[in-house]
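Novice: all I have is the shape, not the residue letters:
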């Protein structure tokens with residue numbers, strides 16, 4: 001039986017360790033900032049709405065979990081050249097909502113439709129305004145051509161999605177996120193589920209139980225170790 005979350009208790013979730021390997025933990029009518037923060041703290045994230053009525057949000061904690069340890073990030077020779085040539089201008093939090101919308105419209109061969117819907121964009125934008133969610137963007141000739149976004153909690157960055165309209169733009173954003181992580185003490189970047197693209201850049205799968213333990217050790221406080229408003233001046 002799937003648990004329907006109580007909208008009057010947004011901070012309660014079933015224990016994700018009890019979910020099957022697919023990782024469906026619960027469903028809910030709404031997202032909400034309190035529920036979202038609580039979910040990520042406990043290794044849970046909203047992935048999609050049911051494609052049939054009543055179209056509840058589905059909350060997941062898959063096993064295994066795809067993660068990137070910053071010191072294991074791999075840059076190909078071609079990416080090294082792009083980084084060295086500084087082809088893209090990298091900006092931090094200079095259009096969070098626009099970056100989310102671009103991720104929502106990005107074509108993904110393995111998915112029929114986006115999971116980034118209007119109410120998700122609204123709630124994550126609220127998290128951004130609260131200083132919890134952040135974006136890294138790549139610009140070329142003043143046009144946004146790549147980006148990623150996610151939540152920063154303690155020493156963890158919970159990556160949500162990325163996009164590019166120019167080759168290597170999203171990879172450059174990830175490379176800059178890794179540099180921020182190394183410089184400011186982020187020890188773990190959550191990538192959620194396996195993709196060959198992420199694996200090629202050093203991400204790896206670990207057991208859900210190991211991921212939940214890492215979260216417990218890395219989110220002593222929900223306040224990020226990164227001073228995001230001033231990050232680009234200090235990195």
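Specialist: Perfect, thanks for sending it. Because the structure is a prediction, the values reported are computed rather than measured.

Novice: for this protein, just list every one of the helices.
Specialist: 33-41, 77-85, 96-105, 118-129, 169-184, 196-200, 208-218, 231-234 (DSSP state H).

Novice: what separates stretch 115-127 from the chain centre, distance-wise?
Specialist: What separates the centre of stretch 115-127 from the centre of its chain is 13 Å, taken as C-alpha atoms, centre = their mean, to the nearest Å.

Novice: any chance you could list what contacts it?
Specialist: 30-33, 36-37, 46-49, 96-97, 100-101, 103-104, 133, 149, 151, 160-161 (C-beta atoms under 8 Å, 6 or more residues apart in numbering). (Each C-beta comes from the backbone N, C-alpha and C, glycine too.)

Novice: same question for stretch 88-97.
Specialist: Outside stretch 88-97, the residues that touch it by C-beta under 8 Å, 6+ apart are 82, 121, 124-125, 128, 133-140, 144-146, 149, 166, 168-169, 172-173, 176, 228-229, 231-232.

Novice: now find how far off-centre it is within its chain.
Specialist: Relative to its chain's centre, stretch 88-97 lies at 15 Å (C-alpha atoms, centre = their mean).

Novice: save the helices of the chain as CSV, and put in mean neighbour count, mean pLDDT and distance to residue 21 too.
Specialist: Putting those into CSV (neighbours: other C-beta atoms under 10 Å; pLDDT from 0 to 100; distance: least, C-beta to C-beta, whole Å) gives the following:
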stretch, mean neighbour count, mean pLDDT, distance to residue 21
helix 33-41, 20, 98, 19
helix 77-85, 12, 94, 32
helix 96-105, 19, 96, 26
helix 118-129, 16, 97, 25
helix 169-184, 21, 97, 26
helix 196-200, 13, 94, 18
helix 208-218, 17, 97, 8
helix 231-234, 12, 58, 36
